[in-house]
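**Q** Can you look at this prediction? I've put the sequence above it.
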Amino acid sequence: MVRCCRALHRPSSCYNLHRVRVDARRLRTLGSSSSSSISPRAAGGSAGGVNNASSGGPGALGASVRLRHQNRFRLQFPQLALRRRLGQLNCMSRPTARLRSWPLSFLYYILPFGVLKPLVKVGWRPTSRVTIYKSIPTRLLSRAWGRLNQVDLPTWLRKPIYSLYIWTFGVNMKEAAVEDLQHYRNLGEFFRRKLKPQARPVCDSHCVISPADGKILHFGRVKNCEVEQVKGVTYSLETFLGPFTWTEGLALNRNEDDPSSFQDLLVTKEGNELFHCVVYLAPGDYHCFHSPADWRVAHRRHFPGSLMSVNPGVARWIKELFCHNERVVLSGEWTHGFFSLTAVGATNVGSIRIYFDKELHTNSPRYNKGSYNDFSYVSNNNREGMWMRKGEHLGEFNLGSTIVLLFEAPRDFTFSLTAGQKIRFGEPLGTM
């Protein structure tokens, strides 16, 4: 006689619906005989309870009937084989399980009417949306997009393609230095178009201005070494900037023997605090960024990483998004102490260009995610660093992305901004 308890000693991946049906049929065939005919072999899985059933008596008969009823229910339950099949994912290695479960999870989220929700009821758990999104090869896709941007378009095709882009993202071509769409040979030139000289006047009465056109995601004081990328979603200041090793050539007046936090290491003067501002550049915005203040750039740190979208909706969805993405951190000092500007890459924006740094190559296959590469402008520029004037051209993106400013200022510094507002290059960020 074949019983379910014998098969339970096998791995869960050995179950299938055909074997279950055969066992159930054999059990029903033998079930018509006397309860005392239960063999000792069948009683091996439960020596006490089943042996008593084979000794006869009303109690034994009732126990055997209940046993047959329970086994029949379990064996004929149509979801048992599906549970075992889905349970095979637990026996696989993690990369193999992720590969096998990814397509089904993708369909689970995109199919309407909850078509695959019954799978959850039988024990299957879909891969999270964040895990699926992180598994997309955004670096490879961004490199392919960069190559496509450099392909020259036929003259007759330029105006239709650029006009579609202008209509989709609301580009204002009246501000462009060259309004003729036939002038731009490829998409890359169109994305990096320059503005007319007077299109963005620089405010001279404020010490800090917006480095680019965009949308203000968040701003304020840095508290507890945490910075908000959007309201309610934070990331670690130390993870974002990396280890504190860029002090060469900087006039730092701090007590390094007893630092209370990473944030305290960045504040160089007594009575100052650390402030931050996040500017999101949409695909339709002006893609160049400029110096937000008069300052000296002493150090560059390049973090190879993912190239996920930095859209505000995604920024609310993925914690520490800016720490996962590829970014270039420029660190230095200004009249009030520490100052840094970070250009964060995004999907299809793997190329971050700094005009005065010819050694920088972003989204390159030779760099691995999780590392960083340092370069000192002090030791390579006669210990002077790179002096930048307010409003001077600093770099560019290939599409849209994000600029993060972190700077030290007196406590009476106040932002003249509101979260979510549109801002243009040259407009003031705050006063003191």
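**A** Done, it's in.
**Q** Next, count neighbours for I352.
**A** 23 (other C-beta atoms under 10 Å). The way it works is simple: take the backbone N, C-alpha and C, and place the C-beta from them, glycine included.
**Q** just checking, it touches G345?
**A** Yes: applying C-beta atoms under 8 Å, one finds I352 in contact with G345, separated by 5.6 Å.
**Q** Assess the claim that M432 and F415 are in contact.
**A** No: contact criterion C-beta under 8 Å: M432 and F415 do not qualify, at 10.2 Å.
**Q** quick revisit: which residues do I352 and G345 both contact?
**A** Shared contacts of I352 and G345 (C-beta atoms under 8 Å, 6 or more residues apart in numbering): E326, R327, T362, F397, S401.
**Q** Return the set of residues that bridge with the fourth one.
**A** Counting by DSSP bridges, F397 is bridged to I352.
**Q** Give me the distance between it and M308.
**A** 15 Å (C-beta to C-beta, to the nearest Å).
**Q** and what of S236?
**A** 17 Å.
**Q** Settle it for me: which of the two has more neighbours?
**A** Shown here are S236 and M308; by other C-beta under 10 Å, M308 has more neighbours (23 against 14).
**Q** Helix, strand, or coil at that one?
**A** coil (DSSP: H, G, I helix; E, B strand; the rest coil).
**Q** Verify the contact between it and S135 for me.
**A** No: in this structure, M308 is not within contact of S135 by C-beta under 8 Å, at 11.0 Å.
**Q** Quick one: the strands in the stretch 201-350 of the chain, in order.
**A** Secondary structure of the stretch 201-350 of the chain (DSSP state E, counting those that start in this stretch): strands at 214-221, 226-230, 233-236, 272-280, 288-290, 295-303, 327-334, 337-344.
**Q** Mean pLDDT lowest where, among the ones you listed?
**A** Least confident of these, judged by mean pLDDT, is strand 226-230 with a mean of 75.
**Q** who's in contact with that one?
**A** With C-beta under 8 Å, 6+ apart, strand 226-230 has contacts from 217-218, 220, 234-237, 240, 276, 278, 312, 315-316, 320-322, 404, 406.
**Q** In which helix or strand does A409 reside?
**A** Element membership of A409 [criterion: DSSP states H and E] is strand 402-410.
**Q** burial count for T234?
**A** 17.
**Q** cool, and P410?
**A** 12.
**Q** same deal with I216?
**A** Neighbour tally, I216, other C-beta under 10 Å: 19.
**Q** ok, it - contacts?
**A** When contacts are counted by C-beta under 8 Å, 6+ apart, I216 is found next to C277, V278, V279, Y280, L417, T418, A419, G420, Q421, K422, I423.
**Q** Fine by me, thanks again.
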